[in-house]
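Q: Okay, predicted coordinates and the sequence, questions at the end:
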Amino acid sequence: MTPHVFTTMGTAASLTFGEHEPHASVLVEVERIFAEYDKRFSLYRPFSELSRIASAELAMMDASEELRDAYALALSWRESTRNAFNPHRPDGVIDLSGVVKALAMQAAADVLRRADLSNFCLNVGGDIVAGGESAEGLPWSVGIVDPFDRSGLLTSISLAPGREGCATSGSAERGDHIWRTAESSGEFVQATVVADDIVTADVLATAIISGGPGILDLVTARWPVDVMTVDLAGAIRMTPGMSAAMLADLR
């Protein structure tokens, strides 16, 4: 089936279905969700709710429940990742981009399921949330970009049933935009995480880039996820589950 393609949050998005095409109203609702999240949380919009907090025009205690919940979620991830994931920029500005896109993707997936669309793959800027099977009756496959050659892939992986989220953090999509902790020497240029949900995958991929090998060890010990990392020298590390999910040899 032809993917439904749209632009949101400054990046390209596509939605592919493994069954019948949805009613147009469902696609409109999916795009509306992303627009609402962007309108509320974007720091590139001077009048967004989060920008008003950054400028001290709005106090956090007076913010919407949606914003306060997202901030609380980000703070809980900061604690559990030993500050490797942090919703505060070095200048102190609250930046929730590390959770907002994933939350929007999760909300969009919920809309699809409520519309009885259980077989779908939503790709937003290279991050994936998928459900069910492809049109061929197979698990959804995901390409992992080569951070040293964005025109090519390192490999492709298959998303096992229940593994709905796949996120890649690093410099391939948006340049080097992740703040690194003092413990990280910056050796990881890319990290891909596969998890049961997209929020966990996205947060932990960012945390690994930010925190380095120590956080990689923490993540693989604490959470039931699969991980692939690429370092500055091009060396690749992966968990056994990630290796088993590969559909093609590494480039």
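A: That came in fine, so what should we check first?

Q: Grab the most central residue of the protein for me.
A: The chain has residue 202 as the residue nearest its centroid, 3.5 Å off, counting by C-alpha atoms, centre = their mean.

Q: Okay, and it sits in which element?
A: Assigned by DSSP states H and E, residue 202 belongs to helix 198-211.

Q: same check, this time on residue 214
A: Here residue 214, judged by DSSP H and E, is contained in helix 213-222.

Q: which residues in the stretch 1-150 of the chain form helices?
A: Along the stretch 1-150 of the chain, counting by DSSP state H, counting those that start in this stretch, helices occupy 24-41, 49-54, 65-80, 97-114.

Q: closest to residue 153 out of those?
A: helix 97-114 (21.3 Å; C-beta to C-beta). C-betas here are computed from N, CA, C, even on glycine.

Q: what stretches of the stretch 1-150 of the chain score poorly on pLDDT?
A: Within the stretch 1-150 of the chain, no range satisfies pLDDT under 70.

Q: ok, now with 90
A: Counting by pLDDT under 90, the stretch 1-150 of the chain shows low-confidence ranges at 1-2, 19-21, 150.

Q: Just give me the longest strand of the protein.
A: Ordering each strand of the chain by length in residues (DSSP state E) puts strand 149-158 first.

Q: out of everything not next to it in sequence, what's closest to residue 49?
A: Closest residue to residue 49 apart from its sequence neighbours, by C-beta to C-beta, 6 or more residues apart in numbering: residue 40 at 4.9 Å.

Q: neighbours of the one you found, just the number please.
A: By other C-beta atoms under 10 Å, 19 other residues sit near residue 40.

Q: go on, the one 4 residues further on?
A: By other C-beta under 10 Å, the residues close to residue 44 number 10.

Q: for the one 5 residues further on, same thing?
A: Close neighbours of residue 49, defined as other C-beta under 10 Å, add up to 19.

Q: Correct me if wrong: it contacts residue 42.
A: No: Residue 49 lies out of contact with residue 42 (C-beta atoms under 8 Å); the separation is 9.4 Å.

Q: From the contact counts, what lies against the longest strand of the chain?
A: For strand 149-158, the elements it packs on are strand 141-146, helix 240-245, judged by 3 or more C-beta pairs under 8 Å, 6 or more residues apart in numbering; DSSP states H and E.

Q: Please identify the deepest-packed of those.
A: strand 141-146 (a mean of 20; mean count of other C-beta atoms under 10 Å).

Q: and the angle from that one to strand 149-158?
A: Strand 141-146 runs at 150 degrees relative to strand 149-158, counting by axes from the mean of the first three to the mean of the last three C-alpha atoms, to 10 degrees.

Q: contacting residues around residue 78?
A: By C-beta atoms under 8 Å, 6 or more residues apart in numbering, residue 78 lies in contact with 85, 86, 87.

Q: same thing with residue 64?
A: Contacts of residue 64 (C-beta under 8 Å, 6+ apart): 40, 49.

Q: and if we set it to 7 Å?
A: Going by C-beta atoms under 7 Å, 6 or more residues apart in numbering, residue 64 touches residue 49.

Q: any idea how far residue 77 is from the residue nearest to residue 49?
A: Counting by C-beta to C-beta, to the nearest Å, the gap from residue 40 to residue 77 is 19 Å.
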